[in-house]
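1. Build me a model:
(2 chains)
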Amino acid sequence: MSDSLQQDREPQLEATGSVGFDALDMGELERSLRKPRTLMSVFLSGMVTLLTLLALVPLFSVIIMLFYRGGSNLTASNFWTLPPVPFEEGGGFGNALVGTLVMVGIAGLISVPFGILAAVFLAELGPDSRVASVVRFCAKVLSGFPSILAGVFAYGAVVMVTGGFSAWAGGIALSILMLPIVMLTAEEAIRMVPSKMREASIGMGATQTQTVWRILLPTAMPGILTGVMLAVARAAGETAPLLFTALFSNYWIVTNNQLDLAQPTASMAVLIYYFSGVPFENQVEICWSAALVLVLMVLVVNLIGKSFSPRTTER
Amino acid sequence: MELETASEISRPPSAFQRTSDRVFRAVSLLFAWATILVVLYIVWEIGGQSVPALEQYGFGFLTGQTWDPNREQYGILPEIWGTMYSSLLALLIGTVFGVAVAIFLNEGYLGGATYGILKLFGVHLHPVYSRLPSALENLLKNLVELLAAIPSVVYGLWGIFVVIPLIRPACNWLHENMEWFPLFSTPLSGPGMLPASLVLAIMILPTIAAISRDALVAVPPKLREASYGLGATRWETLLAVILPTAAGGIFGAVVLAFGRALGETMALAMLVGNANRISVSLFSPGNTLAALLANNFAEAGGDETKVAVLMYAGLVLMAITLLVNMFGAFILQRSTAGLKGLN
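-> Residues are numbered from 1 along each chain as shown, chains lettered A, B, ... in the order given. Modelled structure (predicted):
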């Protein structure tokens, strides 16, 4: 590119040099819309602006539709009633809300300690070891893993072994999706801790464990929490891994005042999926209300998570 | 005694502390290994469960076109075709928009325009208003990221109630007037490839935009300045210097987005129509591997052959996405390594 530019310019420079500065055609240098190159620049800038605005239309359309279709029918009783059967009036998504919270909770209990401990190894104990590079590769593979395959795995590993759909299977499927997010963000956060603090701690005679627990993890906590929140937001909205692990249920997860995790469990996402294709007006309305609640939950958790992280993008 | 107080503060770790240190390090290493084992276990589980189907159907499974549980005849060629078709179509749309968004963000158009407006009113140095350009830039970036945060099932719901009714008249008009053109050879009766791909494109757009933007940011400012210094316009610089330099990163973004599109389930299961057929028409219903799994697994129940067959389909999906993802990661790694020499 620079070569071609030079070749274009050289004869011009010689010409102006021979006739002197006064003869320089200032019009050549002016930025004018009549010149094709300026016109093209303005046109392409306009195109990019237009495409960017168009790309944001779906976001606003989704949010407007959610408030328009879901918000108008949302009542407080939706939150503690069971899903309606066809032709039934009223009803809600209480059991699905509880089910989502329980299964995301199970997934969090598995993936958060797992992810953080592995991240400590990746960032601190053996960052350059061979194991670490393999683990990092595996985490990246998992983060690009189609969510439905997490469900397929949990079906084979849990549902087929225990002999039935359960909240456990759903939670385990979700934990596989959360694990790489937690691990990779925690590793990044621990790495961001200034090495001075780490060296000061070791210089004081602290063991590596003490350094990790007293210095690194507390300092890296905002970043780690961001990762956990993002993982929770992702898991709460996932449908595919739950379809044939937790399945769905029209009833509460609590039987005889006891939390029973070994039975099919409803979740918000699966409820939306099932009710989106039915011809019954009331169920479709519940579906939209559930979608509004789910999106608000996911967005709030997402934004809380992002608010923890000190924006590092301003390099 | 000074020495004694000093040794009190920085005394060597006690036996308990040394033991706990060793235990903690071992536990941490154990969990790191467990990550590898989880991946291996997943591959082994899905692979192992599909062995019966592998033995029974072999490679004919990949080229068969019938899906008939009653006669135990299974083939997933239509699903492979549908997966590729919808993903490539979505990739085409998503790349155009995603790269445009990345350029828009990286060039700071919004900030520049806001600054221009502020300057028009003479408040561009105002302590509060002067922060507006960068605040708006940040807001725009977060809005694009929010596109990725909306659950796919909600996009599916939106697709059923908004996208399909919206595009149906136009699609059917195209079909009636240009039926000879293979892409428009069937009418859009409801669910179909085009609405599914449109929604899929929206879902992969944030991935393409974010990674492409990283690639654009990584282009050394020197190159841009040199090009401006030679008298090139903004778009001459972009097309001839910046985009070619960032091409590797953008290509990596596209490949990773392709991987995401291949494995995306819900929006497709809700919008693609679940019809077992191969058609080049944009408006024809079809099916994808992920949607096939989503729709059939829950009912497979005690039918061992069907479970094995579905596991086999899952194995195929896993193999395709793994290959695509590894290829994408490899390209990204190489492109960032190539840029290091320029700094």
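2. Got the phi and psi for the closest residue to chain B within the stretch 101-250 of chain A?
-> The stretch 101-250 of chain A approaches chain B most closely through residue A:146 (2.4 Å), counting by CB to the nearest CB. The way it works is simple: take the backbone N, C-alpha and C, and place the C-beta from them, glycine included. In terms of degrees, to the nearest 10, the main-chain angles of residue A:146 are phi -60, psi 140.
3. Can you give me the pLDDT of residue 94?
-> No chain in the question, so chain A it is. As summarised for this prediction, residue A:94 has a pLDDT of 89.
4. The chain in question should be chain B.
-> 95.
5. how about it, what does it touch?
-> B:200, B:201, B:202, B:204, B:205, B:208, B:257, B:261 (CB atoms under 8 Å, 6 or more residues apart in numbering or on different chains).
6. filter those by proximity to chain A?
-> B:202, B:205 (CB under 8 Å from any CB of the partner chain).
7. about what we covered before: residues contacting the residue of the stretch 101-250 of chain A closest to chain B?
-> Residue A:146 touches A:240, B:262, B:263, B:264, B:265, B:290, B:317, B:318, B:321, counting by CB under 8 Å, 6+ apart.
8. Next up, the contacts around residue 77.
-> Just so you know, I chose chain A. By CB under 8 Å, 6+ apart, the residues touching residue A:77 are A:90, A:92.
9. Not quite, go with chain B.
-> B:62, B:63, B:64, B:65, B:278.
10. Looking at those, which one is closest to residue A:290?
-> Distances from residue A:290 to the contacts of residue B:77, taken as CB to CB, are shortest for residue B:278 (35.4 Å).
11. pretty sure that closest one is touching residue B:64, no?
-> No: here residue B:278 lies out of contact with residue B:64, judged by CB atoms under 8 Å, at a distance of 11.8 Å.
12. what is the mean pLDDT for the helix or strand hosting residue B:29?
-> Using DSSP states H and E, residue B:29 sits in helix B:15-49. Per-residue pLDDT over helix B:15-49 has a mean of 92.
13. Now do it: which elements does it pack against?
-> Here helix B:15-49 touches helix A:94-120, helix A:130-143, helix A:147-154, helix A:167-192, helix A:208-210, helix B:304-340, going by 3 or more CB pairs under 8 Å, 6 or more residues apart in numbering or on different chains; DSSP states H and E.
14. try 6 Å this time
-> Contact partners of helix B:15-49 among helices and strands, from 3 or more CB pairs under 6 Å, 6 or more residues apart in numbering or on different chains; DSSP states H and E: helix A:94-120, helix A:130-143, helix A:147-154, helix A:208-210, helix B:304-340.
15. Out of these, the one nearest residue B:18 is which?
-> Evaluated over the helices and strands packed on helix B:15-49, closeness to residue B:18 peaks at helix A:208-210, with 9.3 Å, by CB to CB.
16. next helix or strand past the helix or strand where residue B:257 lies?
-> According to DSSP H and E, residue B:257 maps onto helix B:243-263. Next along the chain after helix B:243-263, taking DSSP H and E as the criterion, comes helix B:266-271.
17. okay, that following helix in CSV with CA atoms only?
-> Extracted C-alpha coordinates of helix B:266-271, given in CSV (Å, rounded to 0.1, in the frame of the first residue of the first chain):
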residue,chain,number,x,y,z
MET,B,266,-33.0,-23.7,21.4
ALA,B,267,-33.5,-20.9,18.8
LEU,B,268,-33.2,-23.5,16.1
ALA,B,269,-35.4,-26.1,17.7
MET,B,270,-38.1,-23.5,18.0
LEU,B,271,-37.7,-21.9,14.6
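18. Give me the spatial nearest neighbour of residue A:63, chain neighbours excluded.
-> residue A:295 (7.6 Å; CB to CB, 6 or more residues apart in numbering or on different chains).
19. Residue numbers of the stretch 51-200 of chain A in contact with chain B?
-> Counting by CB under 6 Å from any CB of the partner chain, the stretch 51-200 of chain A comes close to chain B at A:51-52, A:55-56, A:58-59, A:62, A:65, A:114, A:117-118, A:120-121, A:125, A:131, A:134-135, A:138, A:141, A:144, A:146, A:148-149, A:152-153, A:156-157.
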